[in-house]
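# No sequence on hand, only this structure:
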Ligand SMILES: N[C@@H](CCC(=O)N[C@@H](CS)C(=O)NCC(=O)O)C(=O)O
């Protein structure tokens with residue numbers, strides 16, 4: 001008797017779950033952020049306000065470019081089918097929380113570290129990390145300083161509203177070192193103060209140090225110390241008010257990484273669209289595979305994204321790789337198959 005009841009119950013549960021999957025596939029509820037993007041025909045992306053070479057700068061033609069910029073372009077491509085439909089909102093470090101909480105931006109891609117307190121207090125949903133970074137220290141070459149211990153009693157230029165400011169305090173106190181923090185609200189003022197000799201050292205994410213060093217009149221006059229003070233996982237985030245949109249951001253970033261793993265690029269995407277490999281067909285939303293449709297966007301959204309923006313490796317190389325002034329190695333930002341941390345969950 002009990003067995004029969006249990007069987008009937010199980011059968012009912014199974015039937016309901018099949019039904020709810022079918023419903024979910026057919027009618028994804030488009031969230032308020034996605035809807036607003038569709039209505040205005042444009043994605044609003046929070047970007048670095050002072051400009052960060054390689055990550056977010058405005059070129060002579062007035063176009064935004066850089067690694068962080070391309071992440072927003074990929075999201076615009078996924079939602080609107082057009083990577084150019086993005087309006088960039090410049091944000092200083094201390095303006096980020098308000099920009100997320102007020103909902104004035106749809107997504108932020110601005111060298112922003114994923115931390116527990118930001119996740120909760122900013123009411124944000126962080127997407128996958130796009131650039132694993134760490135905090136560094138830069139000094140003038142002529143100072144002869146090679147180790148953090150030599151900065152005992154030094155003045156250090158640092159930007160407020162950043163994880164940088166907090167990590168510096170930790171790193172110095174744990175070593176019993178005194179220092180005089182010179183704190184500025186915007187990046188340019190921080191850098192200028194260091195250049196003008198108001199500080200013995202300048203600290204920020206190593207990606208930032210590389211960008212600033214490259215922009216110096218004589219890059220050789222500055223050295224980045226061989227020490228990493230913190231973990232700075234940088235990536236996009238969106239207001240927590242729309243989980244459907246957050247899913248789109250998440251799977252667009254994963255799609256960039258997965259495309260690189262498959263060797264699918266903006267140049268060869270058309271060869272892959274006709275592939276008869278089931279995994280590739282599924283990833284590219286071909287045939288009756290439901291991929292994009294589960295997210296409420298075109299089923300083959302990754303075809304558009306890859307065609308317009310390229311895969312993760314193309315984005316990295318275009319902005320930071322060997323043909324750029326930065327010549328950054330992939331390091332931990334390489335694919336997991338090459339010993340790095342870039343790893344996409346399955347598209348299924
Ligand atoms: N990743 C750190 C630091 C990010 C940051 O804002 N860095 C500075 C220095 S590289 C910057 O980009 N400033 C530019 C600005 O505030 O516009 C964070 O999320 O707090």
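That came through, no problem. Worth saying up front: this structure is predicted, and the values here are computed from it rather than measured.
# near the ligand, which residues of the stretch 151-300 of the chain?
159, 162-164, 186-187, 204-205, 208, 232, 234 (CB under 6 Å from any ligand atom). To be clear about C-beta, it is placed using only N, CA and C from the backbone, and glycine gets the same treatment.
# Kindly report the same for the stretch 1-150 of the chain.
Going by CB under 6 Å from any ligand atom, the residues of the stretch 1-150 of the chain near the ligand are 48-50, 52, 92-93, 111-113.
# Contact partners for residue 245?
By CB atoms under 8 Å, 6 or more residues apart in numbering, the residues touching residue 245 are 31, 33-34, 37, 106-107, 238.
# Apply 6 Å and report the result again.
31, 33-34, 238 (CB atoms under 6 Å, 6 or more residues apart in numbering).
# Now, the residues you listed that are in helices?
33-34 (DSSP state H).
# Tell me the most packed of the contacts of residue 245, by neighbour count.
residue 238 (28 neighbours; other CB atoms under 10 Å).
# roughly how far apart are the residue nearest in space to the middle of the chain and the ligand?
Centroid-nearest residue in the chain, with CA atoms, centre = their mean: residue 235, separated by 2.4 Å. Distance of residue 235 to the ligand, given as CB to the nearest ligand atom, to the nearest Å: 10 Å.
# I'd say that residue and residue 125 touch.
No: counting by CB atoms under 6 Å, residue 235 stays clear of residue 125, with 10.9 Å between them.
# Just give me the neighbour total for the closest residue to the ligand within the chain.
Closest residue of the chain to the ligand, CB to the nearest ligand atom: residue 208 (2.7 Å). Neighbour count for residue 208, taken as other CB under 10 Å: 28.
# Residue 116 now?
7.
# For the stretch 101-250 of the chain, which segments count as strands?
107-108, 124-126, 131-133, 135-140, 154-159, 179-184, 201-205, 222-224, 232-234, 237-239 (DSSP state E, counting those that start in this stretch).
# just those strands: most buried one?
Among those, strand 107-108 has the highest mean neighbour count (mean count of other CB atoms under 10 Å), at a mean of 28.
# Buried residues in stretch 62-69, which are they?
For stretch 62-69, burial by neighbour count (16 or more other CB atoms under 10 Å) applies to 64-69.
# Quick one: the helices in the stretch 101-250 of the chain, in order.
116-121, 163-174, 187-195, 206-215, 243-262 (DSSP state H, counting those that start in this stretch).
# list the buried ones in the fourth one?
Same thing as helix 206-215. Buried-residue list, helix 206-215, by 16+ other CB under 10 Å: 206-213.
# Kindly report the same for the last one.
Of all the residues in helix 243-262, those buried under the rule 16+ other CB under 10 Å are 244-262.
# would TSV of the strands of the stretch 101-250 of the chain with mean pLDDT be doable?
TSV is the format used below for the strands of the stretch 101-250 of the chain (pLDDT from 0 to 100):
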stretch	mean pLDDT
strand 107-108	98
strand 124-126	98
strand 131-133	98
strand 135-140	98
strand 154-159	98
strand 179-184	97
strand 201-205	98
strand 222-224	98
strand 232-234	98
strand 237-239	98
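# Just put those strands in CSV and tack on distance to residue 77.
Output for those, formatted as CSV (distance: least, CB to CB, whole Å):
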stretch, distance to residue 77
strand 107-108, 13
strand 124-126, 20
strand 131-133, 19
strand 135-140, 32
strand 154-159, 31
strand 179-184, 36
strand 201-205, 27
strand 222-224, 34
strand 232-234, 21
strand 237-239, 16
